[in-house]
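Visitor: sequence first, predicted model second:
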Amino acid sequence: MDYCIRLEKINKSFKTKHVVKDLTLDIPRGKITGFLGPNGSGKTTSMRMMCGLLRPDSGNGSCFGYDIFRQREKIKPLIGYMTQSFTLWENLSVKENLYFLAKLRNIPNARRQVARLIARFNLQRFDNVLTAHLSGGWRQRVSLAASILHSPKVILLDEPTAGVDPYARREFWKVLHELSNDGMTILVSTHYMDEAERCHHLAWMSYGRLLAAGTAETIIRSQGLTTFAVRGPTLTDLECALGELEPVEQTVIFSGTLYVTGKDYQSLHRALQQLPSAYAIEKTSTTLEDSFAHLMKKVMPS
Ligand SMILES: Nc1ncnc2c1ncn2[C@@H]1O[C@H](COP(=O)(O)OP(=O)(O)OP(=O)(O)O)[C@@H](O)[C@H]1O
């Protein structure tokens, strides 16, 4: 694997609060890496440090060969950043917003670059529309276009689709995959599991620590969990009853099916075989969400 960002034992504190702890992580070049974890777990702080936007307190790291401690000025032009609070000028059109930003950033051939991005992001029919009149999904698309006006090598997207409807989210992810196909490295934080599954690579953080990293498949496999799907009557009551059993670690009802997950296949299977014959039991795949819930259980202060 070709890595463009490498971090070794990176730490960061804000006053007395230690928010990133001994972070060691490699980011694959030209891929989409998703950062997941509860609020305040250090995702944004980590992404900002790995791109030279924030100086770590200790550790080692490089971004496209530049040292993230000593060569941050060299890294900055390589980075595009779409923050949670990224705002467009509401009283300017899509084209005017992009052109204005291009001028502010001294981008050569600004007009041509804006026209290129408008075509690239399918924004032609909105180019003269005021951004105040755009839906959330299209706004995010314009913000993304704005963040790559200077043709960066890596983009950092901080929860870019929060509050955006599912169709618009899907369209936004199509654009991300197109950018990645063209070689762009993408770092994106999200709370949505369906988006996590669209990433090539994942990093799961909690309380400032990296709990798991790799593809969705390797993370799921590394947790060694077993899941059974149970169908039948009064699943809510059954869920409460099963929750008391030793081999059962997690339960969730989804679309009329109760999913029961545990660490030990044999004992979980044995426990479920005791259920009345009205219940149909079938082994199924463990999801990323099950795996993350398991990881969280391990680190939650009891
Ligand atoms: N500039 C700062 N000064 C002080 N504390 C900060 C600063 N930036 C972040 N923090 C704190 O560091 C912790 C980690 O924040 P961070 O934004 O990295 O988490 P996150 O995982 O991205 O959270 P979220 O999902 O809510 O965006 C939080 O407790 C936050 O309040």
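Guide: Arrived safely, thanks for sending.
Visitor: now stretch 132-148 - C-alpha only, CSV.
Guide: Included here for stretch 132-148 are C-alpha records, laid out as CSV according to Å, rounded to 0.1, in the frame of the first residue of the first chain:
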residue,chain,number,x,y,z
ALA,A,132,-29.4,31.1,-0.4
HIS,A,133,-31.8,29.3,-2.6
LEU,A,134,-30.0,26.0,-2.9
SER,A,135,-31.0,22.9,-0.9
GLY,A,136,-28.6,21.5,1.7
GLY,A,137,-27.2,18.8,-0.7
TRP,A,138,-26.3,21.3,-3.5
ARG,A,139,-24.8,23.7,-1.0
GLN,A,140,-22.5,21.0,0.2
ARG,A,141,-21.5,20.3,-3.4
VAL,A,142,-20.7,23.9,-3.9
SER,A,143,-18.7,23.9,-0.7
LEU,A,144,-16.8,20.9,-1.9
ALA,A,145,-16.0,22.6,-5.2
ALA,A,146,-14.8,25.6,-3.2
SER,A,147,-12.5,23.4,-1.2
ILE,A,148,-10.7,22.1,-4.3
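Visitor: look at residue 155 and give its secondary structure.
Guide: Reducing the assignment to helix, strand or coil with DSSP: H, G, I helix; E, B strand; the rest coil, the entry for residue 155 is strand.
Visitor: tell me the bridge partners for residue 32.
Guide: When bridges are taken as DSSP bridges, the partners of residue 32 come out as residue 186.
Visitor: same thing with residue 154?
Guide: On the basis of DSSP bridges, residue 154 is bridged to residue 79, residue 185.
Visitor: and the residue of the stretch 51-200 of the chain closest to the ligand?
Guide: The nearest approach of the stretch 51-200 of the chain to the ligand comes at residue 189, 5.8 Å away (C-beta to the nearest ligand atom). (Glycine included, C-beta is placed from N, CA and C.)
Visitor: what's the pLDDT at that residue?
Guide: You'll see residue 189 listed with a pLDDT of 96.
Visitor: and it, its phi and psi?
Guide: Main-chain dihedrals, residue 189, degrees, to the nearest 10: phi -100, psi 140.
Visitor: that one against residue 45, yeah?
Guide: No - the pair residue 189 and residue 45 fails to qualify as a contact (C-beta atoms under 8 Å) at a distance of 10.6 Å.
Visitor: on that earlier part again, neighbours of the residue of the stretch 51-200 of the chain closest to the ligand, just the number please.
Guide: Residue 189 has 24 neighbouring residues, counting by other C-beta atoms under 10 Å.
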